[in-house]
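3D model of this:
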Amino acid sequence: MSTTAGNMTERGNGAVAGANATPASSGHHSIGAAPHASPAAAAQTLAPAKDVRPDAGETSRAFNRDLSWLEFNRRVLHQAIEKRTPLLERVRFLGIFSSNLDEFIMKRIGALKSRLADASGLAAAQSPDQDGLPAGVLLSALRKTIRELQTFQTTIFETEVKPALAREEIALVDYAELSEPERKWANNWHRHNVFPVLTPLSVDPGHRFPFISNLSRNFGVLLAEPGRFEPLFARVKVPSVLSQWIQIPPIAALEQSGVDASNSGIVPAGRGKFVNLRDIIRHNLDDLFPGMQIVEVVAFRVTRDSETEAGDDDADNLLELVEAQLRRRRFADTVRLEIGPNPSSTVLSHLADEL
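Model (predicted):
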């Protein structure tokens with residue numbers, strides 16, 4: 001399992017104007033976003049690599065399949081920096097990049113890790129494939145390229161796309177940036193619409209660590225309970241059934257409605273302030289743990305291996321084979337743990353051990 005600490009940019013569920021998997025700054029996402037580079041530096045980094053083979057030409061004339069695929073995704077990301085591309089299309093390209101990368105990590109990184117975990121893992125790590133790259137060298141090269149692309153995805157969004165959205169009166173803001181009436185509305189909205197579907201699961205000698213589903217977004221919460229010496233760990237899953245971006249009504253409408261979360265139809269469609277659902281949940285976690293002190297909150301996301309092998313089953317059993325593979329995929333090994341910035345050693349080691 002690879003752990004990415006402090007590099008959990010917003011990639012995944014729902015976004016403004018119909019895009020999916022948009023990186024954004026919203027409380028824990030862009031949690032620990034990678035340092036921003038200048039747009040010029042971003043454009044330079046997004047330029048296609050001269051070759052996708054380490055030590056190209058030394059051992060093979062073949063391009064590596066996985067590194068070539070990442071270069072394709074680099075071109076997808078390039079569409080988001082292209083100013084001639086319509087703004088909402090640029091947002092969508094950021095989402096496409098993220099979903100492509102998730103799929104790549106699930107399938108290709110998972111397969112590489114499985115290969116290295118075999119009994120012959122040392123030999124697999126050192127012996128070259130058809131393109132001349134040993135699995136261990138390839139995995140290191142993939143990690144380096146993925147981090148580079150994620151850094152510049154964040155840069156593009158924060159320095160170009162997000163300001164461009166703001167100029168179109170689509171403001172993606174943090175909960176902390178809301179006014180007092182807006183926070184009251186967000187808290188009331190949370191109490192009516194989110195709180196009923198949240199299910200915190202604590203971990204103690206009588207309760208095992210909960211199963212973390214693939215690509216789900218979660219909070220790890222460290223709690224201090226009166227009379228208990230050791231801190232208690234709890235997991236809160238962000239519901240995927242709700243919109244991931246919550247539109248905040250204008251202040252005038254809030255004052256007129258008395259900050260009523262049930263009031264609808266008072267916001268112009270597609271414009272205004274938007275706060276990420278995770279940010280709202282994070283600032284209302286006290287409602288889930290009455291009488292307890294929240295010591296630490298860390299956002300995390302898990303990616304599981306989804307590479308499947310056909311095996312030697314007969315064609316007559318194809319349906320059973322597919323069903324079995326889907327069941328195995330649900331409980332497959334963890335290949336990536338994305339976690340928010342500056343987690344304590346207690347939370348980090350707990351997640352790493354359990355996952």
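
need the helices for the stretch 51-200 of the chain, in chain order.
Ranges of helices in the stretch 51-200 of the chain, per DSSP state H, counting those that start in this stretch, are 65-81, 87-104, 110-117, 121-126, 135-156, 162-167, 180-193.

list the buried residues of the fifth one.
Residues 135-139, 141-142, 145-146, 149-156 are the ones in helix 135-156 that count as buried (16 or more other C-beta atoms under 10 Å). For glycine as for every other residue, the C-beta is placed from the backbone atoms N, C-alpha and C.

could you give the angle of it to helix 65-81?
0 degrees (axes from the mean of the first three to the mean of the last three C-alpha atoms, to 10 degrees).

report all helices and strands that helix 135-156 contacts.
Contact analysis of helix 135-156 by 3 or more C-beta pairs under 8 Å, 6 or more residues apart in numbering; DSSP states H and E lists helix 39-46, helix 65-81, helix 87-104, helix 110-117, helix 121-126 as its packing neighbours.

one more pass at 6 Å, please.
helix 39-46, helix 65-81, helix 110-117, helix 121-126 (3 or more C-beta pairs under 6 Å, 6 or more residues apart in numbering; DSSP states H and E).

could I get the average pLDDT for the second one?
Read that as helix 65-81. Mean pLDDT, helix 65-81: 92.

buried residues, stretch 339-351. List them.
339-340, 343, 347-348, 350-351.

which of the residues you listed fall in strands?
In this view, the buried residues of stretch 339-351 that belong to strands under DSSP state E are residue 339.

dump the buried residues of stretch 339-351 to JSON lines, plus pLDDT and distance to residue 233.
JSON lines is the format used below for the buried residues of stretch 339-351 (pLDDT from 0 to 100; distance: C-beta to C-beta, whole Å):
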{"residue": "339", "pLDDT": "91", "distance to residue 233": "14"}
{"residue": "340", "pLDDT": "89", "distance to residue 233": "15"}
{"residue": "343", "pLDDT": "90", "distance to residue 233": "12"}
{"residue": "347", "pLDDT": "89", "distance to residue 233": "7"}
{"residue": "348", "pLDDT": "89", "distance to residue 233": "12"}
{"residue": "350", "pLDDT": "85", "distance to residue 233": "6"}
{"residue": "351", "pLDDT": "90", "distance to residue 233": "9"}
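
now for the buried residues of stretch 339-351, which pair is the farthest apart?
Among the buried residues of stretch 339-351, the pair separated by the greatest distance (C-beta to C-beta) is 340 and 350, at 14.2 Å.

longest strand in this structure, please.
strand 293-304.

related to what we said a few turns ago, ok, the buried residues of stretch 339-351 vs residue 241, which is closest?
Nearest to residue 241 among these, counting by C-beta to C-beta, is residue 340 at 22.9 Å.

in TSV: the buried residues of stretch 339-351, plus distance to residue 72.
Compiled in TSV, the buried residues of stretch 339-351 are given as follows (distance: C-beta to C-beta, whole Å):
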residue	distance to residue 72
339	28
340	29
343	33
347	36
348	33
350	37
351	32
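
out of the buried residues of stretch 339-351, which one sits closest to residue 82?
Distances from residue 82 to the buried residues of stretch 339-351, taken by C-beta to C-beta, are shortest for residue 340, at 30.7 Å.

thought the closest one was touching residue 298?
Yes. Residue 340 is within contact range of residue 298, at 4.9 Å (criterion: C-beta atoms under 6 Å).

shared neighbours, these two?
Residues within reach of residue 340 and of residue 298 at once, by C-beta atoms under 6 Å, 6 or more residues apart in numbering: there are none.

need the helices of the stretch 51-200 of the chain in JSON lines (columns: distance to residue 247).
Conversion of these to JSON lines gives the following (distance: least, C-beta to C-beta, whole Å):
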{"stretch": "helix 65-81", "distance to residue 247": "23"}
{"stretch": "helix 87-104", "distance to residue 247": "16"}
{"stretch": "helix 110-117", "distance to residue 247": "37"}
{"stretch": "helix 121-126", "distance to residue 247": "50"}
{"stretch": "helix 135-156", "distance to residue 247": "23"}
{"stretch": "helix 162-167", "distance to residue 247": "13"}
{"stretch": "helix 180-193", "distance to residue 247": "10"}
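
closest one to residue 235 among those helices?
So among the helices of the stretch 51-200 of the chain, helix 180-193 is nearest, using C-beta to C-beta, at 18.5 Å.

buried residues in that closest one?
181-183, 185-187, 189-190, 193.

if we can go back for a sec, strand partners of the longest strand of the chain, parallel vs antiparallel please.
On the basis of DSSP bridges, the sheet neighbours of strand 293-304 come out as strand 217-224 (antiparallel), strand 334-339 (antiparallel).

export that strand as CSV, just CAs?
Coordinates of each C-alpha in strand 293-304 appear next as CSV, following Å, rounded to 0.1, in the frame of the first residue of the first chain:
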residue,chain,number,x,y,z
GLN,A,293,-13.7,16.0,22.8
ILE,A,294,-12.5,15.9,19.2
VAL,A,295,-8.7,15.7,19.4
GLU,A,296,-7.9,15.3,15.7
VAL,A,297,-9.7,15.1,12.4
VAL,A,298,-8.0,13.7,9.3
ALA,A,299,-9.6,13.1,5.9
PHE,A,300,-8.5,10.0,4.0
ARG,A,301,-9.4,8.0,0.9
VAL,A,302,-8.6,4.4,0.0
THR,A,303,-7.9,3.0,-3.5
ARG,A,304,-8.2,-0.8,-3.9
